[in-house]
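[1] Below are the sequence and a predicted model for it; my questions follow.
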Amino acid sequence: MTTANEHDAASWRIVVGVSGGIAAYKAVSVIRQLVLLGHHVEVIATPAALEFVGAPTFEAISRNPLRRDVFENVHAVQHVAVGQHADVVAVVPATANTLARMAAGLADDLLTNTILATGAPVVVAPAMHSEMWQHPATQANVHRLDERGVTIVGPESGRLTGTDEGPGRLAEPEDIVAAILAAARTAERERAAAQQGRDLAGIRMLVTAGGTREAIDPVRYLGNRSSGKQGVALAARAAARGAEVTLIAANVEVAVPDDVQLVRISSAEQLAAAATELAPKQDVIIMAAAVADFRPDRVSNDKIKKESTDDTLTLTFTKNPDILRNLVEVRPEGQLIVGFAAETEADDVARLELARAKVKRKGSDLLVLNRVGWDHTFGREETEIQVLNLAGDVLAEDVGDKLSVADTILDVVVAERSDDTAN
Ligand code: CTP
């Protein structure tokens with residue numbers, strides 16, 4: 001279960017729309033958690049919602065007057081103003097009817113007016129009986145909202161109002177709060193990026209991502225647990241910041257944005273060939289891929305059969321080329337090369353020393369150190385990194401999701417490149 005992020009320093013303006021379902025009482029808990037985390041919460045209740053929970057409850061918990069009608073405060077143009085000033089608009093619970101009205105773009109009450117008037121992210125937490133949730137009409141409406149970028153939280157499966165059970169139960173308030181805050185943070189990051197501008201415009205960048213697979217026989221390979229998320233995040237953020245990005249992706253399953261040119265490969269040798277071909281044209285190379293250091297000596301043409309061996313199977317391996325070191329050796333003048341160091345060492349000081357030794361060995365301008373292990377980094381959303389230069393100085397550190405970490409790494413790249421031009 002995700003929990004609300006207590007480290008959120010920002011205070012957001014959050015509109016919580018409550019539509020008329022029995023789960024409306026749980027909206028109170030969502031509103032309360034948001035207020036306690038220091039956010040400004042405005043509640044819009046539909047008339048049906050007020051059949052379930054009274055206006056005084058919403059006003060007391062949100063610490064703000066309840067908004068319910070397009071024709072209140074007409075002088076303040078409330079039907080558009082509330083949405084325009086919001087950082088997030090959430091609908092908790094969203095009934096089948098409200099989802100349908102949203103999908104159709106109707107504006108027949110204050111809540112739907114607000115949703116149409118807002119540029120802020122919209123988060124909906126549906127709640128209804130299983131039959132209504134599973135109805136093709138509702139599913140089509142949810143699909144349409146999803147395509148439009150609306151975040152859908154839940155519903156969960158479980159005990160419903162009556163004796164029935166199934167999908168349709170409102171998601172847990174903590175999960176709804178977490179989704180609302182995540183949407184606010186993403187929108188803020190996008191705003192900041194738009195303001196920050198395209199500081200990588202005109203830069204050609206090569207990023208490698210994912211984990212290579214070294215064939216053993218036609219059905220088996222030696223691989224690693226890298227998901228490629230960090231490399232894809234770097235490529236995505238670099239492209240958003242104006243760079244012309246090529247991504248060499250080794251067995252990456254996460255979505256890659258359209259503005260990134262994609263080259264798919266699988267093994268270390270294929271990665272080496274693609275990188276060697278593309279490298280000379282690049283201003284920046286970021287080697288985020290987890291490259292297998294060894295490959296089986298020989299690849300069996302046929303599936304290795306159990307019967308063909310005793311109780312043990314011995315494979316021998318050949319070292320793969322060190323792609324990063326080779327790229328450093330032949331790099332054209334002015335090209336900036338960034339390596340990654342995935343280390344399992346748990347001690348912070350010792351891990352940093354490993355990274356310092358690695359950056360010297362590889363000769364890259366920068367090295368991004370991250371800790372990996374059974375429960376660290378691989379495939380996860382959150383990551384912790386330090387960026388070192390060739391001298392071993394730590395230039396930046398960050399803990400966060402992979403997009404924010406990508407921005408931190410790219411900030412260092414921008415700073416290093418401008419230092420270079422200045423010198
Ligand atoms: N790398 C590479 N070619 C290889 C192995 C690694 O280009 N054959 C790159 C990775 O993409 C990464 C950096 O080198 O940017 C460090 O990778 P890592 O696996 O941490 O280091 P290794 O050199 O393999 O050292 P070790 O596994 O012994 O720690």
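    Nice, I can see it. Numbering: from 1, shown residues only.
[2] secondary structure element for the residue in the chain sticking out farthest from the centre?
    Distance from the centre of the chain peaks at residue 310, with 46.5 Å (Cα atoms, centre = their mean). Using DSSP states H and E, residue 310 sits within no helix or strand.
[3] Could you do residue 409 as well?
    Residue 409 belongs to helix 402-422 when assigned by DSSP H and E.
[4] Model confidence for the residue farthest from the centre of the chain, exactly?
    Each residue has a pLDDT score; the one for residue 310 is 86.
[5] ok, it to residue 297 distance?
    Residue 310 sits 19 Å away from residue 297, going by Cβ to Cβ, to the nearest Å. (C-beta placed from N, C-alpha, C; glycine too.)
[6] which stretches of the stretch 301-423 of the chain have low pLDDT?
    376-380, 421-423 (pLDDT under 70).
[7] in it, which spans are helices?
    Ranges of helices in the stretch 301-423 of the chain, per DSSP state H, counting those that start in this stretch, are 323-329, 348-362, 402-422.
[8] what does the stretch 251-400 of the chain put close to the ligand?
    Within the stretch 251-400 of the chain, the positions adjacent to the ligand are 268, 287, 289, 291, 293, 320, 322-324, 339-342 by Cβ under 6 Å from any ligand atom.
[9] ok, 8 Å please
    Selection of the stretch 251-400 of the chain residues close to the ligand by Cβ under 8 Å from any ligand atom yields 268, 271-272, 275, 287-293, 319-327, 338-343, 354, 358, 361-362, 364, 367.
[10] Filter the residues you listed down to the ones in strands?
    Counting by DSSP state E, those place 287, 319, 338, 339, 340, 341, 342, 343, 367 in strands.
[11] quick one: which two of those are the most distant?
    319 and 338 (22.8 Å; Cβ to Cβ).
[12] With neighbour numbers in mind, choose between these two.
    Higher neighbour count among residue 319 and residue 338: residue 338, with 24 against 10, using other Cβ atoms under 10 Å.
[13] That one against residue 367, yeah?
    Yes. Look at residue 338 against residue 367 with Cβ atoms under 8 Å: they come within range, at 7.2 Å.
[14] count of residues packed around the closest residue to residue 302 other than its chain neighbours?
    Once flanking residues are discounted, residue 302 sits nearest to residue 217: 6.7 Å by Cβ to Cβ, 6 or more residues apart in numbering. When counting by other Cβ under 10 Å, one arrives at 15 neighbours for residue 217.
[15] residues shared between the contacts of residue 338 and residue 367?
    Common contact partners of residue 338 and residue 367 (Cβ atoms under 8 Å, 6 or more residues apart in numbering): none.
[16] Can you pull the phi and psi angles for the residue farthest from the centre of the chain?
    Phi and psi for residue 310, reported as degrees, to the nearest 10, are phi -80, psi -150.
[17] And for residue 219?
    Torsion angles at residue 219 (phi, psi; degrees, to the nearest 10) stand at phi -120, psi -10.
[18] ok, it to the ligand distance?
    As judged by Cβ to the nearest ligand atom, to the nearest Å, residue 219 and the ligand stand 24 Å apart.
[19] and the protein, what are its domains?
    13-190, 198-422 (automatic domain parsing).
[20] Skipping adjacent residues, who's closest to residue 282 in space?
    Of all residues not flanking residue 282 in the chain, residue 206 sits nearest, at 4.5 Å (Cβ to Cβ, 6+ apart).
[21] picking that back up, mind checking how far the helix holding residue 409 is from the chain centre?
    Centroid displacement of helix 402-422 relative to its chain, using Cα atoms, centre = their mean, to the nearest Å, is 20 Å.
[22] circling back to that earlier point, so among the ones in strands among the residues of the stretch 251-400 of the chain next to the ligand, which ones count as buried?
    For these, a burial check counting by 16 or more other Cβ atoms under 10 Å picks out 287, 338, 339, 340, 341, 342, 343, 367.
[23] gap between residue 169 and the ligand?
    45 Å.
[24] do residue 410 as well
    16 Å.
[25] Tell me, how many residues neighbour that residue?
    Neighbour count of residue 410, defined by other Cβ under 10 Å: 23.
[26] How much space separates it from residue 388?
    Note on residue 410: its distance to residue 388, by Cβ to Cβ, is 16 Å.
[27] again with residue 26
    48 Å.
[28] Check residue 248 too.
    According to Cβ to Cβ, residue 248 stands 23 Å off from residue 388.
[29] neighbour-wise, which of these two wins?
    For residue 248 versus residue 388, the count of surrounding residues by other Cβ under 10 Å is larger for residue 248: 30 against 24.
[30] Residue 289 is in contact with the more buried one, correct?
    Yes. Contact criterion Cβ under 8 Å: residue 248 and residue 289 qualify, at 7.1 Å.
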